[in-house]
Structures are given as structure tokens and as C-alpha cells.
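In: with the sequence up front, the predicted model follows.
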Amino acid sequence: MGVLVLIAVVMGLLQGRFNPGDWREQPTSATPAKMDGASDPTDGAAGLTALSPLERYTAATLSDKINGKAELYLDAGFQILESRRFALESDTGRWMERYVYTMEGHPNAYSVFSRQRRQDMVPLEIADDAYIASNGLFFVHGPYYVEIISGENTIDMQTAMKALAAAFVGGAAAQDNPLEALNLFPPEHLVPHTTELVAKSAFGLEGLDWVYTAAYKAAAQQAVAFVVPCDSHGRAVELAARFSDYWLEYGGERVPVDPTVLEATVVSILDAFEIAVVQGHYLFGVHEASQLDFGLALAGRLQQAIEGVSNAPR
Amino acid sequence: MPPGSPMERRVFLRRLAQTLFMAAASGALGLAFWDPRGPDGGTKRNDAFVMPDFSGGGEGARMAIARGFDRIQGAESVIRALGGMATFIRPGDRVLLKVNAAFASPPLLGATTHPDMVIAVARMCFQAGAERVMVTDNPINDPSSCFELTGIGPAARSAGAEVILPSPDQFRQYGLEGGQLIQNWPLLGVPLTMADKLIGLAPVKDHHRSGASLTIKNWYGLLGGRRNLFHQRIHTIIAELAMMMRPTLVILDGTSSMIANGPTGGSLDDLRETRTIIAGTDPVAVDAAGAALLGKTPQDLPHLALAEKAGAGTVDYQSLRPVKVSGPV
């Protein structure tokens, strides 16, 4: 009885003063106000010195750092962000910031990497998925998605960024488990560096999550191929039906297809074609095919690649 | 007492009394918290913040678009096209510049208001006779670093303006009349009370949630508290910001625009030279025109229609007959 009364009093006091609007994570408390003493924060990268303390952000505070972009990470299995600024030892006015996003796993890290790929990228060899784009360096290493952003676009800063990236890869034990689903995309007409892993609501369809996509182009024809490894054949069938219904709800019309060519459901909408096929545990197909023949041929090549694959990696 | 044995009368009465006491106490606690009027959003409180109207009122909305200039020339040209800064700033005015200093990122990334824009506008205000020019924003993450690393702080000081960093004593509880989200919410209110005129300076940016971050979204930086909660209803909150603020002037800097990976960007490849600066007294109209710099239409940004419906401005910016000036580039 006494305990219950005590709980009631405490609850009353807390609720009486509660105001969600008053909450504010203080930057000083969110950031450990000390340099890492146990290890070299530059991971041994030559010529660099830490310019700021390590800052840590959780799911609750991520938007304090990156504002409206936080949802991209939260949807994809974000765990923690650690950021820190570094400067050239020779000139501390020239600096860069390293963002290390720890995600739930390698596919999660690949997802956020692939959704933000820059057009004028130059691939790097420090990791399977790594590139530099003028003043920014971006890569995936195991569950880590890393960005190194420089305050200037110069050769010597790019050199320093690469050194910092290489030091991180060398210092952080992690495995880049290959994402098998990416190998299913046929190479013919594939637009380089366009594969993506969409963590949530691909093509705007709620529930269509963890979808691998890749862009294809041949002369004036273009399309986006997609693959969804599912938990079961039944789930793949269910998603395929929802995929077609989704386009029909927005005014699409079914297009009959010769089942001896491909057992697919096809919807025509806004001068493009949406194609869905189920093979074992996989839903796959083509999104926004500019020509039906081009889309069906691409779906057919995807089916050939998927045949024989029994277990579905996510 | 073994199961099945009769309860003594004294024990029964004691337990009955305890039960009745707990029931009465629970009821009394609930009654104490019950507010028959419902939430008033803080607007009826004597200490509630009253948002000043900086618009000047009366005159119809005005707008100008400058294309083909560099940033400083563009800012000067677009203000000249509106009749000059003296049209908006009177001698002795205290002017508050609301910048976007949300991130501690260098100016070349275009994620924040460019320091050259701060310098150009602050100088024009002083030339028009402003007594004081202040610059503020509420970046959640380390405000001091944000103002310094973006270059906004040094730029403001070089132009003779003061930087007002957010501190807890500068926030006031605020409730927007007719608002769903901005109710009893902490707002960076004190700098607003220190000013006679308010000018918003925003970069043009893609935004992962809202589609675009332009002059109206720039007011988001006045909110305190756990404002990331509003990301779940991003278009509603932006429309409410349009309802909340009546600025003297807004200037949208599309000298370069962040066309992808906003609002943070990170690479120069996220930017495109669009060489356009838009200024006006109707932020809805300015943002409607600015959408094109991102390859979007006003229909792609649902908050603009919501803001127009709430009476905050017009999406049909052409109806304002914007003055257009072209530069040499």
C-alpha cells in the first residue's frame, strides 16, 4: 500500500511538470567532452590531427546532427553515429569531418550508401563500395557507412581523406559480406553504379521493403529492374499482388502477356510498364519500363539469373 | 487465513476501507489533472509569447527575381528591383536576420546560408539606416561551431552585425492560433522581441522529407525542444511556420542550389549553379518560384498549398508580377 502511494505521488509530480516541448538534448552532454585517450582518433592517418571531440548520436538525437536526413538512416537500421573533425597538421584551418554510421549490418550500411550515390563519383579500391566525389569520400565497411567531408576540393585534401579512410578500414575489424542479390542483375544494358537497396516503401508502396534495384538503359529504352528476396514463396506471391494492385489503384490497366514467354503480371500506367514475377522465394520484375518488349526481355534475363538460387539472402 | 475459511468482520472492514480509500484517491488524482477547457496551447497564458508582425501590413505583396549574377551582386540587384532596402528598413530600425546555420559545415557545401549573403544584406540594412543588425538561428548541434564553421559568424561580425547564439533564457512558450502542432512549444522568441524588422535568408535545398527547404522551412530553426518529432508531419509543420511568421522580407539564395541529398548534402556534386536570387514579402510566393530551381513544381511541395489555404500567401507567384532582372553571367 505504502509503495503504491509513493508511486502515485512520484507519478503525479512528474506528470505535473511534464512538457514535451521543453526537452532538448544539450550538445555538451550528448558529446563526450574529451578526446579519445585510449586510441589514436585518426587511426594512424599521417598528417592529420583531431580538431574536435568525438560526438555520438543515437536514434533519438540523430536529427540534431543531420536534421531531415535522419529518417533515411532510421528506416535502414541505424544504431549510432560517431563524428569528429580532423585538420591537417600543417594547417589546422583546413579541415574535414568524418561521420561513421554504425548500422545493424552490412546490407543496412549498403542501403544508405547506395541511396546517396553521387553522379560524378570516382570509385576507390579501399572497399568494395567506395568512391570519392570532389570534396566528399564515401564508403561501406561491414556494418559501417562512412562519409568524410572536406571543407575544400583540393588534391592534398583528397589525399588526406583517402589516408583517413584507409586508416579506418585498416583499424575497424569488419567483414564486407557480399550481397548475393546484387549479382542477380544481368550485366547487359546495366547502368554502372546504379544498384540500390531500398530499405522501406520502394516505389512508394508501403510494405515493399528491402528491395534491390538497378537502372538499365539501351538507346532510347530504359527501365529499373528490382529483386525482393522474401521469407517464403507465399510472401512473394502476396507482395506481387500488392505491387500490381498498387498501380491499378492509380489508374493503371492490366496488359495480357503470353504465359509461355513469361509468367508475369503487367500493368500499363502513364506510358510505362510495371512487371512483376514470382520465382520461388523471390519477387522480381521491372519498374517504369519505357517499352514493354524491353521490360519483358529484362525480366526474362532476371528470371534466368534467379533460377537455381534456392535460399534468399535479405 | 486458509482458503474457504470465513473472513473475520474486522479484517473485512479494514480491507473495504483500504479499497475505498484507494478508489477515492485515484479519482481525486484524476480530477486534479482534468482540465475541462482542454489545452489552450499556451496562448491564453499571461506569460505566453506574442509573435510580432514584421510585415508592415497594408501594402500588397512584392517580389523580384534576379538571374545571372554572383551572390553579392544578385542580392543587391534583387533588393534594388524591389525599390531598395530603404523601402523596408527605416532609420533607427533594429533588424534581425534569420539565417540557416543548421549544420557545422563549410559554406561551399551550400547546406547553410552563405556568408556573402549575410554580408551583403547586413550592409544594405546599415546603408538604409538600421541602428542594429542581429543574426540568429537555433542549430541543435553545437550552435557556436555551426556559426563559426559555416562562416556566418565571422561574416556577420565583419559587416558590423551581432550574432545571437541561442541560450535557454531566450526561449518562450508559444502557441499558434489555429495550429495543430505548434502549441505550447518553446520558440527562440527573445531575439524576435529585440527587432523591429525581420529578414529571412535561406539557401535553396533539396530535403529528404519535405522535398525542399526554402524560406518557410528556414523558420523551423526558431523552434526549440524536441522538434524532430515534427518530421513525421513535415508538410503540416512547414505550413504552420508560414502561418506563424509575418516577415519584413525573405531572400532565397539560389546562386547555387542543393539539388540532391538534402538537407545536408556533403559533396559539391549535390550542388548545381542556378544563378538565381528571389526576394519578396510573400514567402509562399517566393518558395513557389524557388521550387523550379530544384526541378520541382509547387504541386510537388504540398506544404505550399496548405500555407496558401491558411492564408499565408499565394502559390500563384506570377500574380504578384515579379520584377525580373538579369545579370551578365
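Out: Nice, thanks for sending it over. Predicted model, so just to flag it, every value in this text is computed and none were measured. Numbers count the residues shown, from 1 in each chain, chains lettered A, B, ... in the order given.
In: partner strands of the helix or strand harbouring residue B:65 and their direction?
Out: Assigned by DSSP states H and E, residue B:65 belongs to strand B:63-67. In the sheet, strand B:63-67 lines up against strand B:271-280 (antiparallel), strand B:323-326 (parallel) (DSSP bridges).
In: deepest of the ones you listed, which one?
Out: strand B:271-280 (a mean of 23; mean count of other CB atoms under 10 Å in any protein chain shown). C-betas here are computed from N, CA, C, even on glycine.
In: quick one, helices of chain A?
Out: Assigned by DSSP state H, chain A shows helices spanning A:2-17, A:27-30, A:62-66, A:70-74, A:106-114, A:155-171, A:233-249, A:292-306.
In: same list, the ones you listed, but as TSV with mean neighbour count please.
Out: Formatted as TSV, the helices of chain A follow (neighbours: other CB atoms under 10 Å in any protein chain shown):
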stretch	mean neighbour count
helix A:2-17	10
helix A:27-30	14
helix A:62-66	23
helix A:70-74	20
helix A:106-114	25
helix A:155-171	18
helix A:233-249	17
helix A:292-306	20
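In: any chance of the ones you listed in JSON lines, plus distance to chain B and mean pLDDT?
Out: Shown next, in JSON lines, are those (distance: least, CB to the nearest CB, whole Å; pLDDT from 0 to 100):
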{"stretch": "helix A:2-17", "distance to chain B": "6", "mean pLDDT": "66"}
{"stretch": "helix A:27-30", "distance to chain B": "5", "mean pLDDT": "38"}
{"stretch": "helix A:62-66", "distance to chain B": "4", "mean pLDDT": "91"}
{"stretch": "helix A:70-74", "distance to chain B": "6", "mean pLDDT": "95"}
{"stretch": "helix A:106-114", "distance to chain B": "11", "mean pLDDT": "97"}
{"stretch": "helix A:155-171", "distance to chain B": "11", "mean pLDDT": "94"}
{"stretch": "helix A:233-249", "distance to chain B": "19", "mean pLDDT": "96"}
{"stretch": "helix A:292-306", "distance to chain B": "25", "mean pLDDT": "96"}
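In: and those helices: which comes nearest residue B:72?
Out: helix A:155-171 (26.2 Å; CB to CB).
In: now the helices of chain A as CSV including distance to residue B:234?
Out: What follows is the helices of chain A, written out as CSV (distance: least, CB to CB, whole Å):
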stretch, distance to residue B:234
helix A:2-17, 29
helix A:27-30, 23
helix A:62-66, 12
helix A:70-74, 9
helix A:106-114, 20
helix A:155-171, 33
helix A:233-249, 23
helix A:292-306, 34
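In: who touches the nearest residue in space to residue B:256 that is not next to it in sequence in this structure?
Out: Using CB to CB, 6 or more residues apart in numbering or on different chains and skipping residues adjacent in sequence, the residue nearest residue B:256 is residue B:271, 4.8 Å away. Residue B:271 makes contact with B:109, B:110, B:256, B:257, B:258, B:259, B:265 under the criterion CB atoms under 8 Å, 6 or more residues apart in numbering or on different chains.
In: and with 7 Å instead?
Out: B:110, B:256, B:257, B:258, B:265 (CB atoms under 7 Å, 6 or more residues apart in numbering or on different chains).
In: which stretch among the helices of chain A comes nearest residue A:125?
Out: helix A:155-171 (9.6 Å).
In: which residues touch that closest one?
Out: With CB under 7 Å, 6+ apart, helix A:155-171 has contacts from A:42-48, A:86, A:88, A:94, A:96, A:98, A:126-127, A:132, A:137, A:139, A:141, A:146, A:148, A:150.
In: now the residue most central in space within chain B, what's its secondary structure?
Out: Centroid-nearest residue in chain B, with CA atoms, centre = their mean: residue B:219, separated by 0.7 Å. What DSSP: H, G, I helix; E, B strand; the rest coil gives for residue B:219 is helix.
In: can you verify my assumption that it contacts residue B:245?
Out: Yes - at 5.0 Å, residue B:219 counts as touching residue B:245 under the criterion of CB atoms under 7 Å.
In: for the strands paired with strand B:63-67, give me a markdown table that also has mean pLDDT.
Out: Shown next, in a markdown table, are those (pLDDT from 0 to 100):
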| stretch | mean pLDDT |
| --- | --- |
| strand B:271-280 | 97 |
| strand B:323-326 | 96 |
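In: could I get the average pLDDT for stretch B:244-258?
Out: Mean pLDDT, computed over stretch B:244-258, is 98.
In: just stretch B:201-220 next, same as before
Out: On average, stretch B:201-220 scores 96.
In: whether that stretch contacts chain A - can you check?
Out: Yes - between stretch B:201-220 and chain A, judged by CB under 7 Å from any CB of the partner chain, the touching residues are B:207, B:208, B:209, B:210.
In: among those residues, which ones are buried?
Out: B:207, B:208, B:209, B:210 (16 or more other CB atoms under 10 Å in any protein chain shown).
In: any low-confidence regions in the chain?
Out: Reading this off chain A. A:1-3, A:5, A:8, A:10-40, A:308, A:310-314 (pLDDT under 70).
In: correction: the question concerned chain B.
Out: B:1-7, B:33-47, B:57-58, B:329.
In: longest single helix anywhere in it?
Out: Chain B, longest helix under DSSP H: helix B:9-33.
In: just the ones of the contacts of helix A:155-171 in strands?
Out: A:48, A:86, A:88, A:94, A:96, A:98, A:132, A:137, A:139, A:141, A:146, A:148, A:150 (DSSP state E).
In: let's have these in TSV, adding distance to chain B.
Out: As requested, these are exported to TSV (distance: CB to the nearest CB, whole Å):
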residue	distance to chain B
A:48	17
A:86	13
A:88	14
A:94	10
A:96	10
A:98	12
A:132	9
A:137	9
A:139	13
A:141	18
A:146	12
A:148	9
A:150	8
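In: widest-spaced pair of those?
Out: A:94 and A:141 (25.2 Å).
In: and which of the buried ones among the residues of stretch B:201-220 next to chain A is nearest to residue A:185?
Out: residue B:208 (25.6 Å).
In: that closest one: what secondary structure?
Out: Under three-state DSSP, residue B:208 comes out as coil.
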